[in-house]
Each structure stands twice: as C-alpha cells, then as structure tokens.
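**Student:** Take a look and give me a structure for this.
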Amino acid sequence: MKTSILLIMGFSLVACAPAKSTAEAPPASSQDNASELAPTAVLLPAGFAGRWDASIEACKTTSDMKLVITQTEMTFWESTGQITAVTINTPEDVTVKAAFSGEGEQWQRELHLVINPGGSKLMVDDIARVRCQD
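**Tutor:** This next block holds a predicted model:
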C-alpha cells in the first residue's frame, strides 16, 4: 500500500514537471532494452541513436562531420562523450550533457539535439546532419 502511494505521488510530480531529465536512473521499465547497462545509466531516447553525417554522400566516405550516437555515448571525428544527463524538452528535442575526451584533453559539454519527425535529419546545436543508411 505504501509503495502504491509513493508511486502515485512520484508520478504526480513527474506530470507537473516542464521537462524530463534522466540525470538519475530511469525507471526499470526504461532499462528493459538496456539490461547490460549499469542501473544508474543515463539513456538518450533511442530515436536519436544512429550514424549521422553532413550528407548521404558523406555517409559513404570517411567524413570529419561523422557522428555516431548510442543511448549512452556520442562519438565525433576526434572525440567521444559519455552522456551524463538528458533533458527531454519534447520527444524530438533534447538537451544532452556529456563528459568528452579526445586528443589528450577532457571537458564537459552541453548539446541541443533536435530530430525531425521522420528521424532522417538531426540538428546538433546549429549543425545539420542526415541519418546514414547502414
């Protein structure tokens, strides 16, 4: 009974929140597809995952605009970022915080990702990319 009341209270608070942040562990049901991840893993919505580049033609070569996104990591040309927080503004619009490393350096970065409804185009801050066909 107490568990039910706590769950209802928790859901009520979430319903009032303007944006959803996954800086804390997502509910167990969100982790069903990622059971190999640590319980506290921060997951980017699956629709953003994939290989992205400047154009379909660039997808066929090695491009410095290449970006590979998983639910836990973003890999650019010369750097990789472990996602540490995700704020879901809308289903197609998220803000990602990540701990990056590359070329012997480490830094924190916040990125704004917007995907089109069909999932074929992605804006990362002001940079447009298209989904590569694997």
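**Student:** which stretches of the protein aren't confidently modelled?
**Tutor:** Across the chain, the ranges flagged by pLDDT under 70 are 1-41.
**Student:** in it, which spans are helices?
**Tutor:** 2-16, 56-59 (DSSP state H).
**Student:** Excluding sequence neighbours, find me the nearest residue to P91.
**Tutor:** Spatially, and ignoring its direct neighbours in sequence, P91 is nearest to P45 (7.1 Å; C-beta to C-beta, 6 or more residues apart in numbering). Placement of C-beta: from N, CA and C, glycine included.
**Student:** give the contact list for the one you found.
**Tutor:** By C-beta atoms under 8 Å, 6 or more residues apart in numbering, the contact list for P45 reads Q71, V86, I88, P91, V94.
**Student:** Next, give me the two most distant ones among these.
**Tutor:** In these, the most distant members under the criterion C-beta to C-beta are Q71 and P91, with 14.7 Å between them.
**Student:** the more surrounded of these two?
**Tutor:** Q71 (18 against 10; other C-beta atoms under 10 Å).
**Student:** For that one, grab phi and psi.
**Tutor:** The phi/psi pair for Q71 (degrees, to the nearest 10) reads phi -70, psi -10.
**Student:** Correct me if wrong: it contacts G50.
**Tutor:** No: the pair Q71 / G50 is not scored as a contact, 10.8 Å apart, by C-beta atoms under 8 Å.
**Student:** For K121, give its distance to D93.
**Tutor:** 13 Å (C-beta to C-beta, to the nearest Å).
**Student:** Need the residues touching each of those two.
**Tutor:** In contact with both K121 and D93: I115, using C-beta under 8 Å, 6+ apart.
**Student:** Strands of the protein, residue ranges please.
**Tutor:** 20-21, 50-53, 67-69, 73-75, 80-90, 93-102, 105-115, 121-124, 127-131 (DSSP state E).
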